[in-house]
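Asker: A predicted structure for the sequence below; I have some questions about it.
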Amino acid sequence: MTQNFRDMIYLFACGSKGIAPELDHDVDYQNLYRLANSQGVWQTVFLSVKKNYANKKTGLNETTFKKLQGMFLSKIATETNRRSYIFQTIAHLESHDISCCLLKGDAVALAYDTPSARISSDTDIFIGKENEEKAIILMKELGYCVVDRVKTSHHLVCTHAVAGTVELHLFLYDELFEDVWFDHRIDLKEKYMEITSEEGFTFHTLGINDGFVFVVLHFIKHFLSQGAGIRQLMDVLLYAQHYKAQIDMVQFSKLMTYLKFDKFFDVSMSIGVDFLLFHKEEALFIHGYDNDASMHEELLGDMEDGGVFGQNDSLRYDFYRKYNEERFHTFKKDDYKSYMKEWSKQNKLQLIFLPRKRLAQKYPYVLKFPLLVPVAWTHRFILLLYALFVKEKKLKTFVTYTVPEENESVKQRMDLIRKLDMI
């Protein structure tokens, strides 16, 4: 972990908790901006930069500060419009008897000191499998482009000029992860709770304990898939702090221990204490505070190298497949290759229609401009045709499951996974 990343996560923590920063050294603002953007947290970091500038504790000149402030205000305005349309979308779905449960996003943002500065790359709404066909019609009525869903995908991907990307969840998790990683141990036990956004919109989200499990597993899922960022960790920490008195830690601890995610959870909470301005009494632990400083550095280094979804490191592209291979026999007795060959047959459409976060590995522009996702899909389709007809490759080359190669990046990450006892 570099000093620039330390500075960035410190300023991010200050912005997240509404604390005035106290730095005893100059900050490299060019790298600060780059790292914060790669983690999807620049707007929250800017809250700290703004406080330092007001207190004349930065080396920023007025021109540079005003430029950064203008970019901040423009993004907040765009985000406000986006969220407004999201709540209109939810109202439209619910007016047609589709129960909507907002996952993460605004439900987590309310735990931040300035919720509007916690920017989401997309919106996740749980609607249930039974509402799929009706939701497609309604989303198209609202001007969304709805992508054909592959058989094993757990959500519908919808894109809109104002709302950006909306993922309508038919199930909470991908079929593969639910089966191999979570052993079908995750179910909803509580009624949805009703909360109000910063702008005054009322919406439903998961109950406190269901929500905590989802936020934690969302963080873990991204870490095991390709990489998680500091924003997902902060979501977990702030959620834990906000609802600490109401979270059933006995049941949560049993679940995390069974899934072998207990050490990862404790290390993550401990990083919150050591680097993100949380007191030990504000955090939650399964076995207790973890004082392994080298482990903290290694996990934070993984976050720095990967960015918010691991997209900064192209060598991690198929990491989840390697983890999946080693994890498989934790809960199963089947033949792994046979299992994966059968699963991959259901995903032929994903040759082209990759999710936006995976598309971003080859087409980074789709993260900043969600409406260009269809352009990237078209590009992939053309390349597939070229491979089939010009290079005369066979289709089974692309649809048949093969064991991924273990490059240096994957090897290092697997070593970290083993240290965290997550197999």
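Answerer: The structure has been received and is ready for your questions. Residues are numbered from 1 along each chain as shown.

Asker: show me what the helix or strand hosting residue 297 is in contact with.
Answerer: Using DSSP states H and E, the element containing residue 297 is helix 293-306. By Cβ atoms under 8 Å, 6 or more residues apart in numbering, the surrounding residues in contact with helix 293-306 are 1-2, 5, 9, 35, 39, 223, 226-230, 233, 267-268, 270-271, 274-275, 290, 312-313, 316, 413, 416, 419-420. Glycine gets a C-beta too; all of them are placed from N, C-alpha and C.

Asker: and with 7 Å instead?
Answerer: Judged by Cβ atoms under 7 Å, 6 or more residues apart in numbering, the contacts made with helix 293-306 from elsewhere in the structure are 1-2, 5, 226-230, 267, 270-271, 274-275, 312-313, 316, 413, 416, 419.

Asker: beyond that helix, next helix or strand please.
Answerer: helix 319-327.

Asker: distance of residue 339 from residue 180?
Answerer: With distances defined as Cβ to Cβ, to the nearest Å, the gap from residue 339 to residue 180 amounts to 8 Å.

Asker: same deal with residue 230?
Answerer: Where residue 180 is concerned, residue 230 sits at a distance of 27 Å (Cβ to Cβ).

Asker: neighbour count: those two, which is higher?
Answerer: In this comparison of residue 230 against residue 180, neighbours counted by other Cβ atoms under 10 Å, the higher total goes to residue 230 at 28 against 22.

Asker: my read: that one touches residue 39, true?
Answerer: Yes: under the criterion of Cβ atoms under 7 Å, residue 230 lies in contact with residue 39, with a separation of 5.0 Å.

Asker: could you pull out the helices for the stretch 151-300 of the chain?
Answerer: Using DSSP state H, counting those that start in this stretch, the helices assigned to the stretch 151-300 of the chain run over residues 175-176, 208-225, 230-242, 249-258, 262-275, 293-306.

Asker: tally of neighbours for residue 268?
Answerer: Residue 268 - counted by other Cβ under 10 Å - has 26 other residues nearby.

Asker: who are the contact partners of the closest residue to it other than its chain neighbours?
Answerer: What sits nearest to residue 268 in space, not counting adjacent residues and going by Cβ to Cβ, 6 or more residues apart in numbering, is residue 233, at 5.8 Å. Taking Cβ under 7 Å, 6+ apart as the criterion, residue 233 is in contact with 219, 268, 271.

Asker: distance check, the first one against residue 61.
Answerer: Spelled out, it's residue 219. The value you get for residue 219 to residue 61, if Cβ to Cβ is used, is 38 Å.

Asker: same thing with the second one?
Answerer: Residue 268 sits at a distance of 38 Å from residue 61 (criterion: Cβ to Cβ).

Asker: okay, now the unreliable bits of the chain?
Answerer: Scanning the chain with the threshold set as pLDDT under 70 gives 345-362, 364, 367-368, 381, 384, 386-405.
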